[in-house]
Each structure stands twice: as C-alpha cells, then as structure tokens.
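In: Let me see the structure of the following:
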Amino acid sequence: MRPRTKVSGLITGAMLAVLLPITGASAAEQDSPAVFRFHAGDDRAAAMALDGAGNVYVGGSVDTESEISFAVVKLGPTGTVAWTAVYDGSAGGVDGTALAVAVDAAGNVYAAGSINDTHFYPNVDYLVVAFGADGTQRWAQRFNGPGDNFDRATEIAVDAGGAVYVSGTSYTASPSFTFDWSTHKYSPSGDLLWERRHPGTGTTADRVADMVLAPDGNVVVTGITRNAENEWADDVATVTYDPHGNVVWQRQWNDNPAGSNSPQDMEIDGAGVITITGTIGLFPPSPVTLRYDSSGTLRQTIRDAG
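Out: Residues are numbered from 1 along each chain as shown. Okay, the predicted model is just below:
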C-alpha cells in the first residue's frame with residue numbers, strides 16, 4: 001500500500017480531529033483509536049500520509065487568525081504534535097488548503113492543493129509546497145492555468161530521486177466552461193520541468209481521481225472524462241507518462257457510453273499491474289474494478305461481486 005490516505009470529506013469545526021491507532025497498544029485498545037484534536041478555529045483536514053516510522057502528516061488548512069492558511073501538521077506515532085508547517089506566502093495568494101500530501105524517505109514533506117487570489121475567490125490556482133523534515137518550508141510553486149480561473153491540485157507523489165509529481169483539474173481558455181487534467185513534474189529544488197494537459201474526448205469537465213508512481217518510473221493518472229458521444233456521460237480515462245512527460249499509453253473505458261463511469265481510487269503493484277476501482281451507473285451506482293497490465297492492456301473487469 002502507498003503511504004498516503006485520502007480523507008473522505010473535510011474534518012471541520014472548532015478543531016481539527018485525527019483518529020490514530022496507539023502504537024504498542026493491546027488488540028482491544030487498537031479497536032478504539034484515539035482522537036487527537038489540534039488547535040482551535042476553522043481548521044480543516046483533507047489529506048493524510050504516513051511514513052515508515054509511524055508518523056502521520058495531515059494536510060489541510062489552519063486558522064491563523066488573519067486568514068485560513070495552507071498547512072501540514074506532523075503527528076508522532078502516539079499523536080503528539082511534532083510541528084505545524086504553514087505556507088509562508090512566498091508564491092502569493094490567500095486562503096489556501098492542502099488537498100494531497102506525500103513524504104519521502106528522508107522525512108521531507110510535499111503538499112499540493114489550491115490558493116486564492118483574494119478572499120473572494122475570483123481566481124484559484126495550484127499551490128505546491130515542499131517542507132523539510134523539521135517543517136521548514138523549502139520551496140513553493142503556484143500555477144495559474146490558461147483559463148485564468150479555477151485550477152486545483154488534488155494528487156501528489158515523490159519519486160526516489162526527489163522529483164515531485166502533481167495532478168489535478170485546470171480550467172482552460174477555449175472552449176469556455178471546460179476543465180482539463182493538468183499533470184506537472186517538479187525538480188527536487190522546485191523547478192517546473194513539464195506540464196501535460198489531458199483534455200479528453202469531450203468538450204466539458206474532466207476530473208482527475210488518482211495518481212500513482214509505477215515501478216518503472218512512469219506516472220499513471222486516472223480520472224473521468226466526458227465522452228465524445230454524450231457530453232453528459234463520463235468515461236474512465238487512464239494515462240501513463242514517462243519521466244520526461246511523454247505519453248506511454250492511454251485508455252478510455254465505459255460500461256455504457258450514455259452512462260456514468262466514475263473511478264475513485266487506484267493502486268499499483270510491484271509488477272506494474274494497475275487496479276482502478278469506482279462505480280458505474282447512478283440509480284443506483286454499482287461497483288466496478290478494472291485491472292491493466294504495465295503496457296495498458298485491460299486484463300480484467302470486475303462488476304458487483306465478481
């Protein structure tokens with residue numbers, strides 16, 4: 001399993017709450033995870049990552065009294081707050097929130113999400129921030145897409161060499177009311193090495209659902225794309241890029257071209273086999289799982305109970 005967990009929805013209210021199993025606890029105690037509350041004010045959790053030592057990194061936003069700020073909180077294995085890292089504003093923007101978190105083998109932390117131009121949301125950009133193992137900010141990068149409107153990063157991963165991959169949804173200039181996938185690669189020092197946009201086959205909203213690094217160094221992105229036959233129907237699209245940003249393969253799948261096909265999560269094993277799970281249909285939705293090999297061949301489709 002990858003050391004990253006998506007938080008289903010935002011944990012909001014007077015305090016940010018995190019559920020953790022207690023390291024060294026008995027089996028009975030493990031059944032009742034502890035609840036740790038952090039800070040006060042309008043704090044929100046949106047993503048979480050774990051490292052090999054049992055530390056937990058929670059990404060979201062914290063209330064700094066003057067504004068709601070993009071932040072990551074590091075908790076020790078027993079829930080003790082080790083540090084709180086708040087974006088320092090060096091790339092501009094206000095009211096940010098971290099929506100994805102990753103940690104490397106040295107304990108450096110990388111977070112991606114969004115930041116606003118002003119408190120009134122006229123323009124939302126990607127924000128990617130790297131923090132050192134002690135919580136000190138190392139670099140920050142902001143991205144405003146071609147539509148100069150709404151761009152939000154929801155996925156992040158870091159490879160063994162320290163390169164950072166980010167993906168999310170980006171508004172495009174033409175046609176209007178259109179969103180593309182936008183996947184980026186940053187150097188260990190924060191330089192943008194490349195951006196790749198995936199517009200899909202339709203002309204309306206496309207949305208990234210998940211991103212993973214493959215054992216061969218490629219990056220795999222999956223999400224929804226509106227299909228060409230029906231602008232109100234979603235397909236499951238999957239794209240693999242090599243480390244230079246070249247498309248290795250891409251696939252688009254649907255159970256029914258006129259229906260809703262929505263991926264939710266993706267995993268990859270040591271052989272590069274990709275497993276994508278999600279739903280098909282709406283009333284009611286039913287589960288579906290797709291399995292691709294490393295070359296993009298669809299090996300298995302599992303519906304309902306199999």
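
In: Please name every helix or strand in contact with the strand ranked longest in the chain.
Out: Criterion DSSP state E: the longest strand present in the chain is strand 94-103. Counting contacts by 3 or more CB pairs under 8 Å, 6 or more residues apart in numbering; DSSP states H and E, strand 94-103 is packed against strand 4-11, strand 44-50, strand 56-63, strand 68-75, strand 109-116, strand 151-158, strand 164-171. Where you see a C-beta, it was placed from the backbone N, CA and C, and this is true even at glycine.

In: chain center to that strand: distance?
Out: Centroid displacement of strand 94-103 relative to its chain, using CA atoms, centre = their mean, to the nearest Å, is 9 Å.

In: Burial-wise, tell me which of the helices and strands packed on strand 94-103 comes out on top.
Out: Of all these, strand 109-116 carries the top mean neighbour count, a mean of 28, counting by mean count of other CB atoms under 10 Å.

In: so for that strand, what's the average pLDDT?
Out: Averaged across strand 109-116, pLDDT comes to 95.

In: Return the set of buried residues in the helix or strand that that strand is followed by.
Out: Proceeding N to C from strand 109-116, the next assigned helix or strand is strand 124-131, under DSSP states H and E. With burial defined by 16 or more other CB atoms under 10 Å, the residues of strand 124-131 counted as buried are 124-131.

In: what's downstream of strand 124-131, the next helix or strand?
Out: strand 137-143.

In: Quickly check the buried residues of strand 124-131 for the two that are furthest apart.
Out: Val124 and Phe131 (21.9 Å; CB to CB).

In: Is Val212 part of a helix or strand, or is it coil?
Out: For Val212, the assignment made with DSSP: H, G, I helix; E, B strand; the rest coil gives strand.

In: between the buried residues of strand 124-131, which is closest to Pro263?
Out: Among these, and counting by CB to CB, the member closest to Pro263 is Tyr126, at 21.1 Å.

In: what residues are up against that closest one?
Out: Residues near Tyr126 by CB atoms under 8 Å, 6 or more residues apart in numbering: 112-115, 141-145, 151-153, 166, 168, 170, 182, 184.

In: Disregarding residues adjacent in the polypeptide, which is nearest to Asp210?
Out: Nearest non-adjacent residue to Asp210, counting by CB to CB, 6 or more residues apart in numbering: Met266, 4.1 Å away.

In: ok, now how distant is the one you found from Ser66?
Out: To Ser66, Met266 is 38 Å away according to CB to CB, to the nearest Å.

In: Would you mind listing where this protein has pLDDT under the threshold?
Out: Low-confidence segments of the chain (pLDDT under 70): 1-41, 121, 174-177, 200-204, 228-232, 305-306.

In: and the residue most central in space within it, bridged to which residues?
Out: Central residue of the chain (CA atoms, centre = their mean): Glu155, 2.1 Å from the mean position. For Glu155, the beta-bridge assignment (DSSP bridges) gives partners Ser167.

In: ok, Gln137 - how many residues close by?
Out: 15 (other CB atoms under 10 Å).

In: is it true that it touches Ala130?
Out: Yes - if you go by CB atoms under 8 Å, Gln137 and Ala130 touch, sitting 7.3 Å apart.

In: hmm, back to that, which strand residues bridge the residue nearest to Asp210?
Out: Ile276.

In: Now do the contacts for it.
Out: For Met266, the contacting residues are 209-212, 220, 222, 274-277, by CB under 8 Å, 6+ apart.

In: Where neighbours are concerned, which of those has the most?
Out: Thr222 (28 neighbours).

In: Please report how far that one lies from Ser187.
Out: Counting by CB to CB - Thr222 and Ser187 are separated by 25 Å.
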